[in-house]
Structures are given as C-alpha cells and as structure tokens.
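Enquirer: the following comprises the amino acid sequence and a computationally predicted model.
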Amino acid sequence: MRGLAAIGLFVALLAAGAAQAVTPDEMLKDPALEARARALSGELRCMVCQNQSIDDSEAPLAKDLRLLVRERLTQGDSDRQVLDFLVARYGNFVLLRPPVEWQTLLLWGLPPLALVAGLIGLVMAARRRPTFAAEPPVLSGDEQKKLAALAKAGE
C-alpha cells in the first residue's frame, strides 16, 4: 500500500511540474480565441528556455510573446498570420517544429544520420568480436609435453 501512495505522490508532483505558466490575467474572455492562443503558444519556443514552449515557460519574454499572440488574435489575425508575424520577427527558431528547409536540413537530418552511424558501428563491432569455439582446440604432442613440463616445474 505504501508503494501505491509513493507512486501517487510521484505522479502528482510530475503533474504539478508540468503546469502551464499562463496566468489568469493573460487569458482571453472568449474561450474559442483562448483555445487558439493556447494551441499557438504550444507551437512557439521560448527563446530564453529554448526547450519549452512559451505556454510552459515562466520567462518574461515568454509572457510577452503569449500576450503578443493574444493581441494579434483579438485584432483578427488568423493562426497562420500570427505565426508568420513571429517568424518574420524572430526567424524559424521561434517555432518548436521548424519547417524542413535547406537552412534546417542539418537539424532534421542529423538525428537519423547519427542513428544509422550508431547502428553501423554496432554491427562492425559485433563482427570484429572474436567468436569462441564450443570446444577448446586439441594440443599437439609438443604442446602437451611443454604443458606437462610446466606443470611439473610448478609443483
């Protein structure tokens, strides 16, 4: 029973850590616009934290970007227009999933290349590994005499 309580506490702590940073004063009164703002915020990178969306980040810049997204939406911009505005201002780096272009080719291509290189390395290492015979090799007559002499000398 204690184990279940510990697991429950651990899950609750994880859920608390994943809480979004959007504060009530940032939220729009229109639920449809707020849902669009949340969806857009989930696609945009916090340029301070870099591995978080602006929806999850508590950095001041992330808050400014969340407010900017909501401002653009209330002005009537479409989701695409909001994203285009932010990309024009900050570049593709602001997107958590940047498009596949020649500038981002290394970003998209390096992980699969690293995986293939690792698999090739494993295969090569496995081939170089010595294989052991099921039975030890038989000693020749001379080798058996030397072994007997060494064993006698060691006694």
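Expert: Done, it's in. Residues are numbered from 1 along each chain as shown.

Enquirer: pLDDT score for the residue nearest to residue 104 when sequence neighbours are not counted?
Expert: Once flanking residues are discounted, residue 104 sits nearest to residue 98: 4.9 Å by CB to CB, 6 or more residues apart in numbering. Backbone N, C-alpha and C define where each C-beta goes, glycine included. pLDDT, residue 98: 78.

Enquirer: OK, contacts around residue 98?
Expert: Counting by CB atoms under 8 Å, 6 or more residues apart in numbering, residue 98 touches 92, 104, 107.

Enquirer: just curious, which of the residues you listed is nearest to residue 72?
Expert: Nearest to residue 72 among the contacts of residue 98 is residue 92, at 18.2 Å by CB to CB.

Enquirer: any idea how far the closest one is from residue 101?
Expert: Distance, residue 92 to residue 101, using CB to CB, to the nearest Å: 8 Å.

Enquirer: and residue 104, how far is that from residue 44?
Expert: Residue 104 is 16 Å from residue 44, by CB to CB.

Enquirer: what's the answer for residue 66, then?
Expert: For residue 66 relative to residue 44 (CB to CB), the value is 9 Å.

Enquirer: cool, residue 38 as well?
Expert: The value you get for residue 38 to residue 44, if CB to CB is used, is 11 Å.

Enquirer: more neighbours: those two, which one.
Expert: Neighbour tally, residue 38 and residue 44, criterion other CB atoms under 10 Å: the higher count belongs to residue 44, 24 against 18.

Enquirer: for that one, give me its contacts.
Expert: 53-55, 65, 69, 83, 86, 94-96.

Enquirer: which stretches of this protein have low pLDDT?
Expert: 1-21, 23-25, 133 (pLDDT under 70).

Enquirer: contact partners for residue 43?
Expert: By CB under 8 Å, 6+ apart, residue 43 lies in contact with 53, 83, 95-97.
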